[in-house]
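>>> sharing a sequence plus its predicted fold:
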Amino acid sequence: MSDSVNRKVDWSGELRPFHLAFPVVDLVSARQWYVEVLGCVVGRESESSCVLNLFGHQIVAHKVDEMPEISRNSVDDKSVPTSHFGCVLEWEHWHALAEELENRGVDFIIEPHIRYRGKTGEQATMFFSDPCGNNLEFKSFKDEDGLFSSY
């Protein structure tokens, strides 16, 4: 690989929001879920898509006729959906969200728990799905330097 492609990224500056587009078979129920459960703010809308603000990031739900099949991998003896997205939250914010989701009766794919306890990369993580079957993972690091650590 060339040096320009393989260079180390400098994260010392301000991080910019990411953009993610994802499929939904029911735009109305997806929109409602992202607003009511995750607290997203709605931006532009049409009959086929809806822009949402997810913790300062732009995600866009696009209506499709059929959801793609999602495979899974075993990670720490848990069945993790290979296609998923989410946010890395501050430690206290992650715990507050986990409690809120539990209180709302969200059905977790992987319950909120701590991975690598006491080790480099210690993290809180949880997986759940939206009503269309998109998988989300929210995580947090006690030490944010662990985000890109090599364990």
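Yes, it's here.

>>> please make it C-alpha for all contacts and neighbour counts, starting now.
Will do.

>>> please tell me how far the residue positioned nearest the centre of the chain sits from E122.
Taking Cα atoms, centre = their mean, the centroid of the chain lies closest to G86, which sits 0.9 Å from it. Using Cα to Cα, to the nearest Å, G86 is found at 18 Å from E122.

>>> equivalent analysis for E92, please.
14 Å.

>>> those two: which has the busier surroundings?
E122 (19 against 11; other Cα atoms under 10 Å).

>>> tell me the confidence at the closest residue to the more buried one other than its chain neighbours?
Sequence neighbours aside, Y116 is the residue nearest to E122 in space, at 4.6 Å (criterion: Cα to Cα, 6 or more residues apart in numbering). We note a pLDDT of 88 for Y116 in this prediction.

>>> buried ones in stretch 66-73?
Residues of stretch 66-73 include none that count as buried (16 or more other Cα atoms under 10 Å).

>>> so what's the gap between that stretch and the chain middle?
Offset of stretch 66-73 from its chain centre (Cα atoms, centre = their mean, to the nearest Å): 16 Å.

>>> avg pLDDT for the helix or strand hosting Q32?
In the assignment (DSSP states H and E), Q32 maps to helix 27-36. Across helix 27-36, the average pLDDT comes to 97.

>>> are we agreed that M67 is in a strand?
No - according to DSSP: H, G, I helix; E, B strand; the rest coil, M67 belongs to no strand; its state is coil.

>>> all helices of this structure, in order?
Under the criterion DSSP state H, the chain contains helices at 27-36, 91-103.

>>> residues in contact with the longest one?
The one in question is helix 91-103. Helix 91-103 is contacted by residues V37, P112, A124, M126, F138, K139, S140, F141, K142 when judged by Cα atoms under 8 Å, 6 or more residues apart in numbering.
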